[in-house]
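**Student:** Predicted structure and sequence below. I'll ask about it afterward.
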Amino acid sequence: MTSEETAQLVTLLDKLRTDDLLPPNMPYEVWKAIHRTVPVPTIEAIVTRGGKDFVLTYRKDKDWDGWHIPGSYMHYRESIEDGCKRIGQVELGIDITFEKFIGAYMWPDHPFSSALSLVCVCKTTQEPKEGQFFTDVPKDIIIHHGDFLEAFLKGRMI
């Protein structure tokens, strides 16, 4: 990369911030390109009512087909607690509260990203508008999420 290219890239990255194009407003193509080069943290929110159940949502698209733990990439300067609240509202349509962090997992085989999952346990007293509660891990679950849930159900860290 030449010094001119470096300066141009820095200018364009600064433009993302000044034009309020950071996640979730970032152009999709830019988001994917960044994810191919820089580890980006995600929050995986294991939402439970009492520690023996958990909410899963179903996803079917070009990257995934199966049940999964509700989650999202963290937004710029977002705390884990605020990310959990946002996931509850956006993904499930309910209020959830962060309870504890149970581990981090770097995906060696993510289909499009260098993703770092921050796995959290969250509580709710509400029924999700999207997804459903489970007490057993389904067979058609997205890779690694089953491991996260097994650790949660056994009271272990990841």
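**Tutor:** On my side now, so go ahead. Residues are numbered from 1 along each chain as shown.
**Student:** And the contacts of the lowest-mean-pLDDT helix or strand in the chain?
**Tutor:** For the chain, counting by mean pLDDT, DSSP states H and E, helix 28-35 ranks last in confidence among helices and strands (a mean of 88). If you take C-beta atoms under 8 Å, 6 or more residues apart in numbering as the criterion, helix 28-35 is touched by Leu16, Leu21, Pro23, Met26, Val40, Phe112, Ser113, Ser114, Ala115. For glycine as for every other residue, the C-beta is placed from the backbone atoms N, C-alpha and C.
**Student:** And that helix, what's buried?
**Tutor:** Applying a neighbour-count criterion of 16 or more other C-beta atoms under 10 Å, one finds Trp31, Ile34, His35 buried in helix 28-35.
**Student:** again, but for stretch 95-109
**Tutor:** Neighbour-count burial for stretch 95-109 flags Ile96, Phe98, Glu99, Ile102, Tyr105 (criterion: 16+ other C-beta under 10 Å).
**Student:** and the helix or strand following the least confident helix or strand of the chain, which strands flank it?
**Tutor:** Using DSSP states H and E, the next helix or strand after helix 28-35 towards the C-terminus is strand 40-48. Taking DSSP bridges as the criterion, strand 40-48 sits next to strand 71-73 (antiparallel), strand 115-123 (parallel) in its sheet.
**Student:** got the angle between the helix or strand following the shortest one and strand 115-123?
**Tutor:** From strand 71-73 onward toward the C-terminus, using DSSP H and E, the following helix or strand is helix 80-87. Relative orientation of helix 80-87 and strand 115-123, computed by axes from the mean of the first three to the mean of the last three C-alpha atoms, to 10 degrees: 80 degrees.
**Student:** Excluding its own residues, what touches helix 80-87? List them.
**Tutor:** Counting contacts by C-beta under 8 Å, 6+ apart, the residues outside helix 80-87 that touch it are 43, 45, 70-72, 74-75, 78, 95-98, 101, 118, 120, 122.
**Student:** Recalculate using a threshold of 6 Å.
**Tutor:** Residues from elsewhere that reach helix 80-87, judged by C-beta atoms under 6 Å, 6 or more residues apart in numbering: Ile43, Ala45, Pro70, Ser72, Met74, Ile96, Phe98, Cys120, Cys122.
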